[in-house]
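J.: Here is a sequence together with a model predicted from it:
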Amino acid sequence: MAFEALGLSENILKAIRGCGYTTPTPIQEQAIPVVLMGRDVVGLAQTGTGKTASFTLPMIEILSGGRAKARMPRSLILTPTRELAAQIADNFDTYGQYSKLTKALLVGGVSMEEQIRLLDRGVDVLIATPGRMLDLFERGRILLNDIKILVIDEADRMLDMGFVPDIEKIVSLLSPMRQTLLFSATMPPEIRKLTQKFQSNPKEISVSPPASTSVNVEQFVVHTTARQKREVLERLIREEKVQNAFVFCNRKRDIDDLVRWLSAKGFSSKGMHGDLVQKVRTETLEAFKAGEIRLLICSDVAARGLDVQGLSHVFNYDVPYNAEDYVHRIGRTGRAGMTGRAWMLATSDDEKNLKAIEKLIGNSINAQGMPASSGDSRMNAEPEAPKRAPRARKEAAKQAPVKRPEQAERQENPARRSKSVHDSQEQVDEGDVRGFGEDLPGFFGITKR
């Protein structure tokens, strides 16, 4: 099916052709006609399948026949992150370039003054994060009683970030005579309840199994130890000949440490997390897209919704606590029909989370053995002192004072325990250094692209 068969106007089709698109993706093909009919929609599709265009294109078509009043936007799109909101705004600029619709982007981390000026003029499309949206409403800068279309994007991430109460409050301020579109990569029970509460007889559209991963992404897991992870990551980056990559950490405090370590190793890298001001986040993302930064070390919240064309790799430096986050992480690569590779570094403490991921995606991830590097502290440890000869031990025993039995027992037990710990440590060390050793370049028979 071509875009011309979906019922879109010539102005929108002209903009689409200018982007080089001729055929809609499955979610676009199924969702656009239903949205144009005015029905509520629940759209389920994995990341990178074109969900954004599946609601922006019909919204432009529907809204083209009217004009907004001051402080009374005609449509509202709620998103979990500033980056995703900016991406949606770019989509409206691209697809609506031959339309006369106006928009405003309401996100935190930037000044309100320009946002308020746009609202005072009147906007057709309001793209907002929940916090800034409520802040401006409570200041009396927005009137929501003229909203005709509500879009809740990345609903599952909204749930994870604790935005559901804010969304419920915002929806309570809207007219019940509206069209509500909800898009998500997964459908946990809590989101299912929201669809029943916010929507009226919605059409559910699912173009892939829930929480499935793209067939365009090759997935690998490396079993390692906590203190080896940095060296393993460095080897992977060098051997994989990474063009550009996202490296995901579970904790914000680890991001800056990893950036400093990678930079010291000669890699151009920057961090991306929620504590950074919006200006820095925007500049970092633009530098990454321009190829000035090779590695973007980020948290799940910061990276959700980022769309970087041609991303070659994703590295899960930490196994995500939430199995569904794994799907979103590796979905940053292998987009728009391209291929990508995703690596995950797992320690013995991650076994439970790793099994949860494999259960969610319905597949076992290709495991690659990767032991300690030659730089591991255990491999550079000092040799043990030579044991005393039997004669020397006898001479030392003659000079040692006689001890009562209970004293001897108290001194013997720590020694015995020390030997037991030492023996155990030798077993761990032996297990840790099994595998490729220094013979990494062959990379265990994995075919490089």
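T.: Looks like it arrived, so ask away.

J.: Next up, phi/psi of residue 366, please.
T.: phi -60, psi 110 (degrees, to the nearest 10).

J.: That one and residue 342: what is the separation?
T.: 10 Å (CB to CB, to the nearest Å). For glycine as for every other residue, the C-beta is placed from the backbone atoms N, C-alpha and C.

J.: any common contacting residues for those two?
T.: Counting by CB atoms under 8 Å, 6 or more residues apart in numbering, the contacts common to residue 366 and residue 342 are 218-220.

J.: Highest neighbour count among these?
T.: residue 219 (23 neighbours; other CB atoms under 10 Å).

J.: helix, strand or coil for residue 77?
T.: For residue 77, the assignment made with DSSP: H, G, I helix; E, B strand; the rest coil gives strand.

J.: Now do the strands in the stretch 51-200 of the chain.
T.: 75-78, 103-106, 125-128, 149-152, 179-184 (DSSP state E, counting those that start in this stretch).

J.: Mind checking the pLDDT average for the first one?
T.: Averaging the model's pLDDT scores along strand 75-78 yields 97.

J.: Which other helices and strands does that strand contact?
T.: Applying 3 or more CB pairs under 8 Å, 6 or more residues apart in numbering; DSSP states H and E, we find strand 75-78 packed against helix 51-63, strand 125-128, helix 130-138, strand 149-152, helix 164-172.

J.: Mind listing the strands the second one pairs with, and their directions?
T.: Going back to what we said before, that points to strand 125-128. strand 75-78 (parallel), strand 103-106 (parallel) (DSSP bridges).

J.: what about residue 176, how many neighbours?
T.: Using other CB under 10 Å, residue 176 has 8 other residues around it.

J.: typo on my end, residue 145
T.: 8.

J.: Could you do residue 253 as well?
T.: When neighbours are defined as other CB under 10 Å, residue 253 has 9 of them.

J.: Compare neighbour counts for residue 366 and residue 342 and give me the winner.
T.: Ranked by neighbour count (other CB under 10 Å), residue 366 and residue 342 place residue 342 first, with 26 against 11.

J.: Export the strands of the stretch 51-200 of the chain as a markdown table, with columns for mean neighbour count.
T.: Formatted as a markdown table, the strands of the stretch 51-200 of the chain follow (neighbours: other CB atoms under 10 Å):
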| stretch | mean neighbour count |
| --- | --- |
| strand 75-78 | 26 |
| strand 103-106 | 24 |
| strand 125-128 | 26 |
| strand 149-152 | 24 |
| strand 179-184 | 24 |
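
J.: Let's have those strands in a markdown table, adding distance to residue 166.
T.: Below are the strands of the stretch 51-200 of the chain laid out as a markdown table (distance: least, CB to CB, whole Å):
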| stretch | distance to residue 166 |
| --- | --- |
| strand 75-78 | 9 |
| strand 103-106 | 13 |
| strand 125-128 | 11 |
| strand 149-152 | 11 |
| strand 179-184 | 15 |
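
J.: Of all those strands, which one comes closest to residue 319?
T.: strand 179-184 (22.8 Å; CB to CB).

J.: Summarise which helices and strands that closest one is packed against.
T.: strand 41-44, helix 51-63, strand 149-152, helix 155-160, helix 189-198.

J.: Of those, which shows the lowest average pLDDT?
T.: Looking across those, the weakest by mean pLDDT turns out to be helix 155-160, at a mean of 86.

J.: so how far is it off the chain centroid?
T.: 12 Å (CA atoms, centre = their mean, to the nearest Å).

J.: again with stretch 288-301
T.: 12 Å.

J.: Return the most buried member of the helices and strands packed on strand 75-78.
T.: strand 125-128 (a mean of 26; mean count of other CB atoms under 10 Å).

J.: ranges for the helices of the stretch 151-300 of the chain?
T.: Secondary structure of the stretch 151-300 of the chain by DSSP state H, counting those that start in this stretch: the helices cover 155-160, 164-172, 189-198, 229-239, 252-264, 278-289, 300-303.
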